[in-house]
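Colleague: Could you look at this predicted model? Sequence included:
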Amino acid sequence: MYVLAASDTGPALGALGAGGIALAMAFLLVLGVKGKGKVKLKDNPALICGFIAGTAFSAAGAIWSNPERLTGQGLAGLGVGTGDGGVFGNVGLGAVSLILLILMLCWALTPFRGAVLGLVAAVVWPAAGDGTIWAVPSELAAGVLMMFGGA
């Protein structure tokens with residue numbers, strides 16, 4: 001007796017769904033950053049895992065959209081992207097995207113810092129616009145997630 005018919009399976013890993021991938025990536029991120037088991041994510045792998053997890057969170061919606069909402073509220077609180085000047089003058093999402101890249105390249109990352117930067121970049125980079133260079137990593141991550149069973 002089969003629980004699922006062969007036609008119910010998705011690509012590569014079967015029917016995972018966006019919520020399932022988000023849940024699995026959250027587990028990998030938390031356990032890998034904590035690093036007390038067999039897998040310990042270092043700084044750059046934690047950043048990449050955080051970025052992919054953030055992309056999965058955005059795709060999954062529901063409870064997984066909370067990091068996206070918090071990041072958006074924080075940026076709006078600083079006046080980013082509003083054009084009204086805010087605290088730092090007129091700062092757009094492209095500038096925030098560039099700052100995130102500079103932090104990724106220049107800051108002494110720990111696994112936790114890398115994971116947080118990856119999660120924030122997964123929200124900010126696609127928000128900078130579809131025609132920008134910042135959308136490319138998000139589209140790539142989304143494509144990879146779809147290959148592995150996301151919807």
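Modeller: Received, thanks.
Colleague: mind listing what the residue most central in space within the chain touches?
Modeller: Geometric centre of the chain, nearest residue: Gly54, 2.1 Å, by C-alpha atoms, centre = their mean. Going by C-beta atoms under 8 Å, 6 or more residues apart in numbering, Gly54 touches Pro67, Glu68, Gly118, Leu119, Val120, Ala121, Ala122, Val123. Every C-beta, even on glycine, is put in place using the N, C-alpha and C of the backbone.
Colleague: for the record, mean pLDDT for the helix or strand containing it?
Modeller: Taking DSSP states H and E as the criterion, Gly54 maps to helix 43-60. For helix 43-60, mean pLDDT rounds to 87.
Colleague: Can you give the contact residues for the following helix or strand past it?
Modeller: Toward the C-terminus, helix 43-60 is succeeded by helix 66-77 as the next helix or strand (DSSP H and E). Applying C-beta under 8 Å, 6+ apart, the contact partners of helix 66-77 are Gly54, Phe57, Ser58, Gly81, Thr82, Leu93, Val96, Leu119, Val120, Val123, Val124, Ala127.
Colleague: Those: which two are farthest apart?
Modeller: Using C-beta to C-beta, those reach their maximum pairwise distance at Phe57 and Thr82, which is 24.4 Å.
Colleague: out of these two, which sits in the more crowded spot?
Modeller: Phe57 (26 against 13; other C-beta atoms under 10 Å).
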